[in-house]
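Visitor: Turn this into a structure:
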Amino acid sequence: MRQSFVRVAAVLVLLGGATALVGCSSDEPLEPFVEIPAEQSYNAGIAYLQEGDYKNATKKFAEVDEQHPYSEWARKSLIMTTYTNYTRGNFDEAITQAKRYLTLYPGSEDAAYAQWMIAQSYFNQMPDITRDQKQTQQAMQAMQELVDRYPDSPYAAEGRKRLDIAKDQLAGKEMEVGRFYLNRNQYIGAINRFKTVVQTYQTTRHVEEALERLTEAYYAMGIVDEAQTAAAVLGHNYPDSRWYKDAYKLLSTNGLEPRENTQSWISKAFKAAML
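Guide: Down below sits the predicted model:
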């Protein structure tokens with residue numbers, strides 16, 4: 001009998017607690033969900049955009065995407081959200097939205113613009129040459145994808161220019177590390193860095209110096225044949241370069257002259273680039 005009384009008391013306590021919770025929640029009623037027409041929210045976003053209020057514009061465009069997913073208004077709003085985030089300097093968010101756009105609408109008229117926003121967002125985060133170049137690498141890859149997938153888009157020409165800038169910065173980083181090794185007589189490490197410039201970033205302004213530094217490093221290691229080849233390839237492709245003058249002087253001072261070994265990786269790298 002006592003056990004039955006305890007169980008009944010426990011139930012009453014629970015019910016009382018539940019009633020109290022309901023009573024508390026009724027003091028602050030939830031606002032009813034109101035669906036705003038997609039066109040109305042989108043136009044409000046455009047109005048904010050014209051006023052330069054990118055924060056509220058972003059909110060309105062996001063509102064369309066949330067309340068009317070997969071609609072044509074949602075598609076337009078998603079690309080506008082990408083733009084407003086980019087303009088506000090929210091580059092990571094712009095990248096996320098642009099990638100989502102490309103996943104949902106890969107063949108749409110704004111797909112090239114979405115890829116441009118991704119590339120630009122990475123490009124604008126490229127650090128100076130003394131720091132890690134992950135963002136530069138991502139910018140290069142995104143720009144490459146832009147010019148490969150959308151070669152006739154209005155963004156392709158500028159994309160090619162910025163692709164060259166990103167490659168030049170990556171080559172510059174390799175040169176910086178290569179010089180560091182060379183100055184400390186760590187020749188293998190230096191050669192590997194200069195080799196990357198010659199093989200991967202051959203169209204950049206750093207390739208001339210890379211060939212001269214290879215001449216230095218190979219000569220210091222006693223690998224004379226490769227030193228002569230590096231100098232010969234440098235002289236053949238950049239005869240007026242000051243770096244060729246330095247390479248020629250290094251060899252001639254020691255009774256040698258530039259001479260290309262066509263079986264060398266250096267010679268093959270330049271021939272491959274000409275194909």
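
Visitor: the helices in the stretch 51-200 of the chain, which residues?
Guide: Secondary structure of the stretch 51-200 of the chain by DSSP state H, counting those that start in this stretch: the helices cover 54-67, 72-87, 91-104, 111-123, 134-149, 156-183, 187-200.

Visitor: Nearest approach to Ala272 belongs to which of those?
Guide: helix 187-200 (8.7 Å; Cβ to Cβ). C-beta coordinates here come from the backbone N, C-alpha and C atoms, glycine included.

Visitor: on that earlier part again, make JSON lines out of the helices of the stretch 51-200 of the chain and add mean neighbour count, mean pLDDT and distance to Ala217.
Guide: Below are the helices of the stretch 51-200 of the chain laid out as JSON lines (neighbours: other Cβ atoms under 10 Å; pLDDT from 0 to 100; distance: least, Cβ to Cβ, whole Å):
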{"stretch": "helix 54-67", "mean neighbour count": "20", "mean pLDDT": "94", "distance to Ala217": "51"}
{"stretch": "helix 72-87", "mean neighbour count": "21", "mean pLDDT": "96", "distance to Ala217": "43"}
{"stretch": "helix 91-104", "mean neighbour count": "19", "mean pLDDT": "97", "distance to Ala217": "39"}
{"stretch": "helix 111-123", "mean neighbour count": "24", "mean pLDDT": "98", "distance to Ala217": "33"}
{"stretch": "helix 134-149", "mean neighbour count": "20", "mean pLDDT": "98", "distance to Ala217": "25"}
{"stretch": "helix 156-183", "mean neighbour count": "19", "mean pLDDT": "98", "distance to Ala217": "6"}
{"stretch": "helix 187-200", "mean neighbour count": "19", "mean pLDDT": "98", "distance to Ala217": "5"}
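
Visitor: For Tyr101, give its distance to Ser108.
Guide: 8 Å (Cβ to Cβ, to the nearest Å).

Visitor: anything in contact with each of the two?
Guide: Common contact partners of Tyr101 and Ser108 (Cβ atoms under 8 Å, 6 or more residues apart in numbering): Arg75.

Visitor: related to what we said a few turns ago, can I get the helices of the stretch 51-200 of the chain in JSON lines with distance to Ala232?
Guide: As requested, these are exported to JSON lines (distance: least, Cβ to Cβ, whole Å):
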{"stretch": "helix 54-67", "distance to Ala232": "56"}
{"stretch": "helix 72-87", "distance to Ala232": "48"}
{"stretch": "helix 91-104", "distance to Ala232": "45"}
{"stretch": "helix 111-123", "distance to Ala232": "37"}
{"stretch": "helix 134-149", "distance to Ala232": "30"}
{"stretch": "helix 156-183", "distance to Ala232": "20"}
{"stretch": "helix 187-200", "distance to Ala232": "13"}
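
Visitor: So which of the ones you listed is nearest Lys271?
Guide: Lys271 lies closest, by Cβ to Cβ, to one member of the helices of the stretch 51-200 of the chain: helix 187-200, at 12.2 Å.

Visitor: Thanks again, I'm all set now.
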